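Colleague: My questions are about this predicted structure, shown below with the sequence.
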Amino acid sequence: MTDTPAPSYSGPRRILSGIQASGALHLGNYLGALKRFTQLQDAGAPCFLFVADLHAITVWQEPEKLAAQTREIAAAYLASGLDPARSVIFPQSAVRAHSELAWIFNCVARLGWLDRMTQFKEKSGKHKERSSVGLYTYPVLQAADILVYKATEVPTGEDQKQHLELTRDIAAKFNNDFGAPGFFPLPEPLTQGPAPRVMSLRDGAAKMSKSDPSDQSRINLTDDADTIAAKVRKARTDPDALPETWDELEGRAEAKNLVTIYAALSDQSRDQVLAEFAGQGFGAFKPRLAELAVASMAPVTAEMRRLMADRAEIDRVLRDGAERASAVADPVVDEVKRIVGFWR
């Protein structure tokens, strides 16, 4: 006699992702996330895209700036081509089901699982006792973000793959512990296109970051055309010409980064870019990259500024998105409460 395998999840396809409401967005966010979200939407994928304001407060945020940062990220979503009629765009904190499911998952997840999370070790540094409890447990909230919509796919960068594995572990343990096979899906990662990890313009070994003290390290989504062009011209490079193949760029981190950015902005492969510029130095490459970056980003910047000046429109989109998200998430939490055995 053989064991019958547990049934797998059979619900609809859903894609979920979010961006933290902390600091200005930059080119890395656009290429690694926003552009990819728009491509998924335009391909017909059902997308739930939120502003992660609950995650943002795991480190200190100025209260008077937090709502403004939420609106700015919503504006970036819309300016990048996301359509609130086709994708659900909302603030995380406006859907109470996220926090409610996170507590239940805190009681499902194991301490040893969280102890293995490398991002907490990196972010807390040598003084982890000074970090918030939220910073330690936020991967559990992240699991709730995903599973409260029964999302089947998650656009995932290299730095988040471990957290998605934790989400799968939590889903599997919940399904098993409560005798609810197939209740939660085991979400799969989606690679984020040609530029999943854009590096600093000043240091090819460091990820482009909104927390970097040097504004020259990144291209902000609110930078004007002259600023974008100047930052590309000043980007750190090396004196060697570009080779014919990607493998020949090994050990040239800054060169790799600029070629990757060019490829992502032009919707080409990195090998196609190198075939075009092989044998040329950065004196020829950078002006072309600057032109491309300005042409690609200027419309996004202009639309972002227009939207940020229309607070009522952004608030309308967020409010409508929160209602639509809650309509999906609340019944999931209600069913979880029944499965767990809470009084109803």
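Modeller: That came through fine.

Colleague: low-confidence ranges in the stretch 51-200 of the chain?
Modeller: The model of the stretch 51-200 of the chain has pLDDT under 70 over residues 124-125, 158-159, 192-196.

Colleague: 80 - rerun?
Modeller: 119-128, 157-160, 191-196 (pLDDT under 80).

Colleague: mind listing the strands for it?
Modeller: Along the stretch 51-200 of the chain, the segments classed as strands by DSSP state E, counting those that start in this stretch run 88-91, 153-155, 188-190.

Colleague: got TSV for those, with mean neighbour count too?
Modeller: Where you see a C-beta, it was placed from the backbone N, CA and C, and this is true even at glycine. Listed next are the strands of the stretch 51-200 of the chain as TSV, based on neighbours: other CB atoms under 10 Å:
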stretch	mean neighbour count
strand 88-91	25
strand 153-155	21
strand 188-190	15
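
Colleague: so which of those strands comes closest to A97?
Modeller: Distance to A97, taken as CB to CB, is lowest for strand 88-91 among the strands of the stretch 51-200 of the chain, at 11.4 Å.

Colleague: still on that earlier bit, need the strands of the stretch 51-200 of the chain in JSON lines with distance to A298, can you?
Modeller: Written out in JSON lines, the entries for those read as follows (distance: least, CB to CB, whole Å):
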{"stretch": "strand 88-91", "distance to A298": "23"}
{"stretch": "strand 153-155", "distance to A298": "25"}
{"stretch": "strand 188-190", "distance to A298": "28"}
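
Colleague: all helices for the protein, in order.
Modeller: Counting by DSSP state H, the chain has helices at residues 27-29, 35-42, 53-56, 63-79, 97-106, 111-115, 118-124, 133-147, 161-177, 225-234, 253-266, 270-277, 282-308, 311-340.

Colleague: what's the closest of those helices to R14?
Modeller: Ranking the helices of the chain by proximity to R14 (CB to CB) places helix 311-340 first, at 8.3 Å.

Colleague: Show me where the stretch 201-344 of the chain dips below the pLDDT cut-off.
Modeller: 211.

Colleague: and the closest residue to R71 other than its chain neighbours, what is it in contact with?
Modeller: What sits nearest to R71 in space, not counting adjacent residues and going by CB to CB, 6 or more residues apart in numbering, is I314, at 4.8 Å. Taking CB atoms under 8 Å, 6 or more residues apart in numbering as the definition of contact, the neighbours of I314 are R71, A74, A75, L78, L307, M308.

Colleague: ok, I314 to L16 distance?
Modeller: Separation of I314 from L16 (CB to CB, to the nearest Å): 21 Å.

Colleague: Show me which of the helices of the chain has the highest average neighbour count.
Modeller: The highest mean neighbour count among those belongs to helix 27-29 (a mean of 24), with neighbours defined as mean count of other CB atoms under 10 Å.

Colleague: now for that one, which elements pack on it?
Modeller: Packed against helix 27-29 by the contact rule (3 or more CB pairs under 8 Å, 6 or more residues apart in numbering; DSSP states H and E) you find no helix or strand.

Colleague: neighbouring contacts of that helix?
Modeller: Taking CB under 8 Å, 6+ apart as the criterion, the residues outside helix 27-29 that touch it are 19, 76, 195, 197-198, 207-210, 218-221, 261, 293, 297.

Colleague: cool, and stretch 72-89?
Modeller: Residues from elsewhere that reach stretch 72-89 (CB under 8 Å, 6+ apart): 19, 21, 24-25, 29-30, 34-35, 37-38, 41-42, 47-51, 91, 221, 299-301, 303-304, 307-308, 314, 317-318, 320-321, 324-325, 328.

Colleague: pretty sure G23 is touching S211, no?
Modeller: Yes. Counting by CB atoms under 8 Å, S211 is a contact partner of G23 at 6.2 Å.

Colleague: ok, the two, which is more surrounded?
Modeller: Under the criterion of other CB atoms under 10 Å, the comparison of G23 against S211 puts G23 first, with 18 against 8.
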